[in-house]
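# Predicted coordinates and the sequence they were generated for:
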Amino acid sequence: MSSAASDPISYTARIVAAKRAIEQSHPGRLFEDPYAALLAGDEVENLLVKWREVARRQDRPLEDVIVKRTRYIAIRTRFFDDLLRSALSETDNSQIVILGAGLDTRAFRFGWPLATHVYEVDHPEVLNYKVHALQNHAPTCQHHLIPGDLTDAQASWVKALLDQGFQSTNPTIWLLEGVVMYLPEPSAHALLKRLSLLSSAGSVLGMDGVTVGSIAAAQRAQKADRGRVVRHWEFGHDDPNHLLADYGWSAEISQPQDIGSTHDRYPRSLPIEAEVGGNQDKRGVWLVSARKRE
């Protein structure tokens with residue numbers, strides 16, 4: 001895989017895969033992902049080494065540090081797993097597009113309905129890495145890998161998507177997990193507009209994002225040469241309902257702490273600052289389930 005400096009999204013994808021892999025050791029894990037460790041490689045141990053040092057320095061149990069550092073990814077993964085299963089139960093036409101797929105493993109770990117088509121769009125080096133890492137494992141769906149750059153103004157990935165059988169006249173389940181915050185603002189809006197044009201009524205969109213205040217915090221992290229993931233954030237929005245309504249979607253917004261509290265991931269001993277921050281900048285994250293209007 002390319003370096004963090006030249007390809008930060010691929011780099012963050014490895015970190016996300018590592019956190020999914022570490023979640024598998026949690027006694028109350030929120031999802032099953034037997035492939036995450038294969039994709040994460042050395043990043044699992046890299047994270048654990050850092051977190052052992054944090055636990056020692058703060059005189060805290062390592063388990064508390066691990067839960068705090070992995071819980072958002074665990075909650076987000078569970079949220080979108082549930083969204084996909086719910087959406088699939090409502091339609092016989094199963095066409096799923098995962099944009100900025102990174103090291104997503106749902107094509108392999110889900111029990112998909114027969115004839116489900118899962119399209120994954122990402123940079124070719126990311127897709128090639130995943131193909132190599134999982135070469136001894138078979139997807140459980142009709143699996144299509146679409147090389148593409150979501151910031152490409154010409155959107156060449158759309159033509160490739162159509163060429164591989166995507167039907168814009170049929171309802172689609174779109175997933176943008178950990179994507180829009182990494183896009184420049186014009187690219188984020190262009191992508192949402194493009195999805196609207198490709199989506200028939202009844203299509204479903206799953207997406208997460210961050211607030212404008214979180215972008216300000218990310219910019220400070222970049223200047224201070226810290227925050228291996230957040231330093232690459234570029235786009236935030238404080239009103240995802242309004243953002244998606246402009247492109248024809250009716251959205252329901254969820255907060256990670258609300259979801260996490262039902263799974264005991266936000267005990268009193270572990271405050272929510274990692275996801276929503278303090279008062280400074282009004283930092284925050286949000287998760288969206290949306291449906292395309294007529």
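All right, it came through fine. What you see is a predicted model, and the numbers here were worked out from it, not measured in a lab.
# Give me the pLDDT for the residue nearest in space to the middle of the chain.
Compute the mean C-alpha point of the chain, and by C-alpha atoms, centre = their mean the closest residue is residue 177, 2.4 Å away. With respect to pLDDT, residue 177 scores 97.
# again, but for the one 4 residues further on
Predicted confidence (pLDDT) for residue 181: 93.
# do the one 3 residues further on as well
Here, the pLDDT recorded for residue 184 equals 94.
# from memory it sits against residue 236, does it?
No: judged on C-beta atoms under 8 Å, residue 184 makes no contact with residue 236 at a distance of 11.9 Å. Every residue, glycine included, has its C-beta placed from N, CA and C.
# out of the two, which sits in the busier spot?
residue 236 (24 against 11; other C-beta atoms under 10 Å).
# contacting residues for the more buried one?
By C-beta atoms under 8 Å, 6 or more residues apart in numbering, the residues touching residue 236 are 181, 209-215.
# And it, how close does it get to residue 56?
With distances taken as C-beta to C-beta, to the nearest Å, residue 236 is found 34 Å from residue 56.
# related to what we said a few turns ago, helix or strand for the residue nearest to the residue nearest to the centre of the chain when sequence neighbours are not counted, which one?
Leaving aside its sequence neighbours, residue 177 sits nearest to residue 80 (C-beta to C-beta, 6 or more residues apart in numbering; 5.5 Å). Residue 80 belongs to helix 62-88 when elements are defined using DSSP states H and E.
# got it, and residue 52?
Using DSSP H and E, the element containing residue 52 is helix 43-58.
# Could you do residue 15 as well?
Counting by DSSP H and E, residue 15 is part of helix 8-23.
# could you say what helices and strands that helix packs with?
helix 36-40, helix 43-58, helix 62-88, helix 124-133 (3 or more C-beta pairs under 8 Å, 6 or more residues apart in numbering; DSSP states H and E).
# how big is the angle separating whichever helix or strand comes after the longest one from helix 62-88?
Toward the C-terminus, helix 62-88 is succeeded by strand 95-99 as the next helix or strand (DSSP H and E). If you take axes from the mean of the first three to the mean of the last three C-alpha atoms, to 10 degrees, strand 95-99 sits at 140 degrees to helix 62-88.
# Following element in sequence after strand 95-99, please.
helix 106-109.
# So what touches that following helix?
Taking C-beta under 8 Å, 6+ apart as the rule, helix 106-109 contacts 32-35, 81, 84, 98, 118, 120, 134, 137-141, 143.
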